[in-house]
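Asks: fold the following and give me the result.
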Amino acid sequence: MSANQNWGIRLGEMTDFDDILALERLCFTGDRLSSRSLRRLLKSPTAKFFIATKLPERLAGGCALLLSRRDSSRFRIYSLAVSPAFRGIGLGALLLGAAEAAARSNGGRSIGFEARRGNGAAIALYEKAGYLAVGERPDYYEDGAAAILYRKEL
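Replies: Here you go, the predicted model:
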């Protein structure tokens, strides 16, 4: 099964709150968005959520959160989550491509993110997409795990 079969990407909105929160809880054991942060980000002009939706049911199979700063050409992928039920079909790459396209169309020159050291699936996805490791942050996650910093020039 490939992600392009009956899957689409759309921008998230407040009506996606429950689906995004459920994905965060399903995909992450820690370091996940709180309800309060999610509400704030869904209203923020500097945050864009991309939802991988199975058509025609509108089932949310994954989500990516892209952040920007005013007057900056640097973007950040804050979160990328794919439901375990839909992993391995290309939704992560589809969401990543949507985030990159949005950054480019909004004047982005680079995009970065942090990946948990040892998260082989995420690291493989980003490296395959041309991201380069540019540093590390020890003790970055709430459980003390290190983060590898990645960046891609757009």
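
Asks: those strands in the protein, which residues are they?
Replies: 7-11, 47-54, 59-68, 74-82, 110-116, 132-137, 147-153 (DSSP state E).

Asks: so who does Lys48 touch?
Replies: 11-12, 65-66, 68, 99, 102 (Cβ atoms under 8 Å, 6 or more residues apart in numbering). In short, each C-beta sits where N, CA and C put it, glycine included.

Asks: who's it bridged to?
Replies: On the basis of DSSP bridges, Lys48 is bridged to Leu66.

Asks: mind listing what's buried along stretch 76-95?
Replies: 76-83, 86, 89-92, 94-95 (16 or more other Cβ atoms under 10 Å).

Asks: repeat that for stretch 46-54.
Replies: So for stretch 46-54, counting by 16+ other Cβ under 10 Å, buried means 47-54.

Asks: how about JSON lines for the strands of the chain, with distance to Phe17 added?
Replies: What follows is the strands of the chain, written out as JSON lines (distance: least, Cβ to Cβ, whole Å):
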{"stretch": "strand 7-11", "distance to Phe17": "14"}
{"stretch": "strand 47-54", "distance to Phe17": "10"}
{"stretch": "strand 59-68", "distance to Phe17": "11"}
{"stretch": "strand 74-82", "distance to Phe17": "14"}
{"stretch": "strand 110-116", "distance to Phe17": "23"}
{"stretch": "strand 132-137", "distance to Phe17": "29"}
{"stretch": "strand 147-153", "distance to Phe17": "27"}
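
Asks: can you add distance to Phe28 and mean pLDDT and give the ones you listed back as TSV?
Replies: Below are the strands of the chain laid out as TSV (distance: least, Cβ to Cβ, whole Å; pLDDT from 0 to 100):
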stretch	distance to Phe28	mean pLDDT
strand 7-11	21	93
strand 47-54	15	94
strand 59-68	11	92
strand 74-82	7	95
strand 110-116	10	95
strand 132-137	17	97
strand 147-153	14	97
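
Asks: Leu33: which of those is closest?
Replies: strand 74-82 (6.9 Å; Cβ to Cβ).

Asks: if anything else comes up later, I'll come back, but that's it for now.
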